[in-house]
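Chemist: Below are the sequence and a predicted model; questions follow.
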Amino acid sequence: MDVPGMNRRKFIKVSGVAAAATAGIEGILAAQRAPARAQGTKLHLLRWNDFVPAADEVLAKQMPEASKALGAEVTLERINANDLQARITAAISSGSGPDIIHVLKNWPHLYEKSLVDVSDVAEATGKAQGGFYPAMTELCKVGSTWRAVPHAIVGGQIAYRKSLFEEVGAKEFPKTWQQYREVGTKLKAKGYPIGQTAGHTFGDAPVFWYSFMWAWGGKEVEKDGRTVALNSKETIESVKFAVGFWKDACDEGGLAWDDSNNNRAFLSGTISATINGASIYVESLRNKEKYRTEKGALMHTDILHAPNPAGPAGVFHLHAPFSHAVMGYSKNQKLAKDFLRWLHGKEQFEPWFVAQKGFSVGSTTDWEKHKMWDLDPVMMPYRTAARAFRLYGYAGPPGRAASEAESKYIITDMYAKAIQGMKPEDSVKWAETELKKIYA
């Protein structure tokens, strides 16, 4: 996709910031040359390898435009999302590394002291684009200070094979977890289990297991954010159900899966459903002839999406949020913030958003109104998914302790240990002990 040309008027318009905040960029463009401080400067951006390659292609094409506008060489590096935390830790420890790093989840709380205050960029961006979803504000704003600029949200919904569900009598997606287990049992008996990871992987594991726990009424801590409340009847019941659900309905190899295994399993026709961003469907559209059902039909024609089933406490979702943080060790902090004003502006965000086809949605509400959503009804469940977004650490705030607990996969491991044979009560007690070490 071609990226719109850059000129002074467009740049200032799409940045969406106050005159005081944009004075540096406006001066650069008015003078038609980079200031002495920027000439020869390199700005290093580190991001994940997107599950939608077309969006990464758009981003790569935008880097020369950003370089021209800023008068500095902007370089883009991409790595596997599961490797981002190790790079962040190493960079902070050494005091050198990328100027801007793509941060996930509530990492702004975890690395607060090592991140630059980007409140001016975040507040202007949110104001210009309909306001951030409340969850993104909670994740990126630590106290009164924005430590990252919200970028996008990968919504978690269940991708499922319409024809396979109909073959076992499910003409619509199950409304409750018990119904899902019953349908999944029939599907597994036919050789098409539900696919789910219970491993240490950044997206699908926490997105599934936190939401699962909440559906039974389980929670990590009380509202005070300190009192660990995990070891409850509700949590234990959820673990007991998970053990049966896994054995009856799931591909039991999922204990070792990362965020790409379920995508490959679905597209190869070996599983019937999985919680995921829309990357499975997007890939089936990108390579239509490559992916077919066992009956020879194009796979994309047999995929639908649905929200999570309901448990005794209701329906809940955890999504995968992404933001950009400027690192405290960077020698180019002002330039990095100028770049984020540009990258998060509407004109630059739009071609990236369109290339995503709904896999990643905007972190602000204006993007729900985009005409892209009218093109494909299969993607509609993702349009407003970010409005149903509960956060790590519930019922407390998504602070540093909640971030550490999630980073250590304590909730995921609570279920994985029980699936592998530990008594549910013991797996919950283990997780409770681990949480108390953190929240204490």
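Modeler: It's in. On a predicted model such as this, the values are computed, not experimentally measured, just so you know.

Chemist: Where do the strands of the stretch 301-440 of the chain begin and end?
Modeler: Shown for the stretch 301-440 of the chain, the strands assigned by DSSP state E, counting those that start in this stretch span residues 303-306, 320-326, 360-362.

Chemist: is the residue nearest the centre of the chain in a bridge, and if so with what?
Modeler: Note on the chain: the residue nearest the mean C-alpha position is Ala320, at 2.1 Å, using CA atoms, centre = their mean. Counting by DSSP bridges, Ala320 is bridged to Val154.

Chemist: Tell me if I'm right that it and Gly203 touch.
Modeler: Yes - between Ala320 and Gly203 there is a contact under CB atoms under 8 Å: 4.9 Å. C-beta here means a position set from N, CA and C on the backbone, and glycine is covered the same way.

Chemist: anything in contact with each of those two?
Modeler: 154, 156, 277 (CB atoms under 8 Å, 6 or more residues apart in numbering).

Chemist: Including pLDDT, could these go into CSV?
Modeler: Shown next, in CSV, are the shared contacts of Ala320 and Gly203 (pLDDT from 0 to 100):
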residue, pLDDT
Val154, 95
Gly156, 94
Gly277, 91
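
Chemist: Return the closest of the residues you listed with respect to Ile79.
Modeler: Minimum distance to Ile79 across the shared contacts of Ala320 and Gly203 is 16.9 Å, recorded for Val154 (CB to CB).

Chemist: pretty sure the closest one contacts Ser360?
Modeler: Yes - here Val154 reaches Ser360: they are 5.3 Å apart, a contact under CB under 8 Å.

Chemist: which neighbours do the two share?
Modeler: 277, 322.

Chemist: Based on its surroundings, how many neighbours for the nearest residue to Lys357 once chain neighbours are set aside?
Modeler: Nearest non-adjacent residue to Lys357, counting by CB to CB, 6 or more residues apart in numbering: Val282, 5.1 Å away. For Val282, the neighbour count with other CB atoms under 10 Å is 22.

Chemist: Can I take it that Val282 is in a helix?
Modeler: Yes - according to DSSP: H, G, I helix; E, B strand; the rest coil, Val282 belongs to a helix.

Chemist: And it, how far from Thr301?
Modeler: As judged by CB to CB, to the nearest Å, Val282 and Thr301 stand 14 Å apart.

Chemist: same deal with Ile275?
Modeler: Distance, Ile275 to Thr301, by CB to CB: 21 Å.

Chemist: So for those two, which sits in the more crowded spot?
Modeler: Neighbour comparison, Ile275 and Thr301: the larger count goes to Ile275, with 27 against 13 (by other CB under 10 Å).

Chemist: Local confidence estimate at that one?
Modeler: Looking at Ile275, its pLDDT stands at 96.

Chemist: so who does it touch?
Modeler: Applying CB under 8 Å, 6+ apart, we find Ile275 in contact with 156-159, 196, 204, 207-208, 211, 308.

Chemist: and if you look at Gly203?
Modeler: 81, 154, 156, 259, 277, 320.

Chemist: and those residues, which are buried?
Modeler: Those of those that meet the buried threshold are 81, 154, 156, 259, 277, 320, by 16 or more other CB atoms under 10 Å.

Chemist: Filter the contacts of Ile275 down to just the ones in strands.
Modeler: Residues of these located in strands (DSSP state E): 157-159.

Chemist: a markdown table for the buried ones among the contacts of Gly203, including distance to Glu234?
Modeler: Formatted as a markdown table, the buried ones among the contacts of Gly203 follow (distance: CB to CB, whole Å):
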| residue | distance to Glu234 |
| --- | --- |
| Ala81 | 31 |
| Val154 | 28 |
| Gly156 | 21 |
| Asp259 | 28 |
| Gly277 | 28 |
| Ala320 | 25 |
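
Chemist: tell me the two of those that are most distant?
Modeler: Farthest pair in those, by CB to CB: Ala81 and Gly156, 14.6 Å.

Chemist: re earlier: closest one to Gln420 out of the buried ones among the contacts of Gly203, please.
Modeler: Distances from Gln420 to the buried ones among the contacts of Gly203, taken as CB to CB, are shortest for Asp259 (20.5 Å).
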